[in-house]
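Novice: Here is my input; please provide its structure:
(one chain, ligands or ions: 1)
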Amino acid sequence: MKWTQKHLLGLEDYSAEEITHVLDVADGFRTIATRNDGPRDDLRGKVVVNLFFEPSTRTRTSFELAERRLGATVLNFDVGVSSTSKGETLRDTARNIAAMGIDAVVMRHGCSGAPGLLARCIEASIVNAGDGQHEHPTQGLLDIFTIRQHLGRIAGLKVAIVGDIAHSRVARSNLVGLTKLGAEVWFVGPPTLVPKAFTKLGAKVSCDLDAVLPEMDVVNMLRIQTERLDDQPFPSVREYSRLFGLDAERLKRAKPDVVVMHPGPINRGVEMAPDVADGPRSVILEQVTNGVAVRMAVLALVTGVR
Ligand code: CP
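Specialist: All right, here's what the predicted structure looks like:
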């Protein structure tokens, strides 16, 4: 297909054909993504800036690996020692970095829409690495990639996303991407974290995990994001875990070949028991591995080298 997208701000901006193309390009990178063969030439001469205003382990590391393996010059912007701590605006920070000549910015920010703002201020390609409660599009892509790898298709699958949906950018990107590709997405959790209003976005909503679980092909468990909660939305963590946590006993209700996912970081013993996280149905570390190939594909496409 002819690629025209300069940015990746959210999967809401990508068509089903474009999402499928990213997955296909990522497939081509899969075998080389985790090999230390020395840099390729795809992004040679291109400068990529990693601009993370929130903590990250998986996303930041895998973007940097993807950039280096494609041969880019990589600049890691350290927010803690930058002039943003002296009151410089995001727009001014970005315009000053851009003035040094850059090709792409990978950005994580606590405010929904911050990468979109950047895309309107500077010429470089912007890749959203997670913005507030809006989207985490490369996480959505790598989740969909991992599902396709295991089950061979997306259309017709039933995918449950369980937990703190209200605060989750991962849930939004998964919903958008999966429904565009023809899956049925269920949001499951306490009503305080899974408002019925999500049905307007195309999700099915349930507060009964045990009732939904036997029908699902994929179960994607989310972390309770205590850093984004104002009030405790359930009586106790123990109560939450009893109703919505996935342990080996509850997993017996699921299909024998169900795919168990988690975007990380895991609260072991809260949303997922260690015997499930490390068990045979878990693809959690494969998600992390696939993140490198998916991010290589995104960077190559938005910078126009693919
Ligand atoms: N899944 C995810 O975004 O993890 P990090 O916060 O570690 O990047």
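Novice: Would you mind listing what in the protein touches the ligand?
Specialist: Contact residues of the chain with respect to the ligand, defined by Cβ under 6 Å from any ligand atom, are listed as 56-60, 130, 136, 139, 263-265. Quick note: C-beta positions are derived from backbone N, CA and C, even for glycine.
Novice: now with 5 Å?
Specialist: Counting by Cβ under 5 Å from any ligand atom, the positions of the chain adjacent to the ligand are 56-59, 263-264.
Novice: for those, which one is nearest Glu88?
Specialist: Compare each of those with Glu88 using Cβ to Cβ and the shortest gap goes to Ser56, at 21.6 Å.
Novice: Give me the three-state assignment for the residue nearest to that closest one when sequence neighbours are not counted.
Specialist: Closest residue to Ser56 in three dimensions, ignoring its sequence neighbours and counting by Cβ to Cβ, 6 or more residues apart in numbering: Arg108, at 5.8 Å. Arg108 carries the three-state label strand when classified by DSSP: H, G, I helix; E, B strand; the rest coil.
Novice: Tell me the spacing between Arg108 and Leu141.
Specialist: In this structure, Arg108 and Leu141 are separated by 15 Å, where distance is defined by Cβ to Cβ, to the nearest Å.
Novice: isn't there a strand covering Gln139?
Specialist: No. When three-state DSSP is applied, Gln139 is found to be helix, with no strand at that position.
Novice: Isn't it up against Val127?
Specialist: No. Using Cβ atoms under 8 Å, Gln139 makes no contact with Val127, being 12.0 Å away.
Novice: In contact with the residue of the stretch 201-306 of the chain found nearest the ligand, which residues are there?
Specialist: Sorted by distance to the ligand under Cβ to the nearest ligand atom, the residues of the stretch 201-306 of the chain start with Pro263, at 3.9 Å. Listed by Cβ atoms under 8 Å, 6 or more residues apart in numbering, the contact partners of Pro263 are 58, 136, 139, 143, 170, 220, 222-223, 287.
Novice: Among those residues, the buried ones, what's the ChimeraX command?
Specialist: The command below creates a ChimeraX selection of those among the contacts of Pro263 that count as buried (16 or more other Cβ atoms under 10 Å):
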select :58,136,139,143,170,220,222,223,287
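Novice: quick check, nearest of the contacts of Pro263 to Thr84?
Specialist: His136 (21.6 Å).
Novice: residue contacts, that closest one?
Specialist: Applying Cβ under 8 Å, 6+ apart, one finds that His136 lies in contact with 59, 128-130, 169-170, 172-173, 263.
Novice: Looking at those residues, which are in strands?
Specialist: 128-130 (DSSP state E).
Novice: Pull out the buried members of these.
Specialist: Burial of the ones in strands among the contacts of His136 was assessed by neighbour count (16+ other Cβ under 10 Å); the buried members are 128-130.
Novice: pLDDT and distance to Thr179 added to these, as TSV?
Specialist: Rendered in TSV, the data for those read as follows (pLDDT from 0 to 100; distance: Cβ to Cβ, whole Å):
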residue	pLDDT	distance to Thr179
Asn128	98	19
Ala129	98	22
Gly130	98	20
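Novice: Relative to the ligand, which of the residues you listed is nearest.
Specialist: Closest to the ligand, out of all of these and judged by Cβ to the nearest ligand atom, is Gly130, at 5.7 Å.
Novice: which ones are touching that closest one?
Specialist: If a contact means Cβ under 8 Å, 6+ apart, then Gly130 has 54, 56, 59, 108-109, 136, 139, 169 as its contacts.
Novice: again, 10 Å this time
Specialist: 52-54, 56, 59-60, 107-110, 114-115, 136-139, 169-170, 173, 263 (Cβ atoms under 10 Å, 6 or more residues apart in numbering).
Novice: swap in Leu251?
Specialist: Contact analysis of Leu251 by Cβ under 10 Å, 6+ apart lists 213, 219, 258, 260, 272-273, 275-276, 279, 281-282.
Novice: on that earlier part again, distance to Leu299 for the buried ones among the ones in strands among the contacts of His136 - can I get that in TSV?
Specialist: Written out in TSV, the entries for these read as follows (distance: Cβ to Cβ, whole Å):
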residue	distance to Leu299
Asn128	13
Ala129	11
Gly130	16
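Novice: Quick check: His134 touching Arg108?
Specialist: No. Taking Cβ atoms under 10 Å as the definition, His134 is not a contact partner of Arg108, at 11.5 Å.
Novice: got the buried residues for the lowest-mean-pLDDT helix or strand in the chain?
Specialist: When each helix and strand of the chain is scored by mean pLDDT, DSSP states H and E, helix 90-98 comes last, with a mean of 87. Buried residues in helix 90-98, counted by 16+ other Cβ under 10 Å: 90, 93-94, 97-98.
Novice: what's the answer for stretch 67-74, then?
Specialist: By neighbour count, with 16+ other Cβ under 10 Å as the criterion, the buried positions of stretch 67-74 are 67-72, 74.
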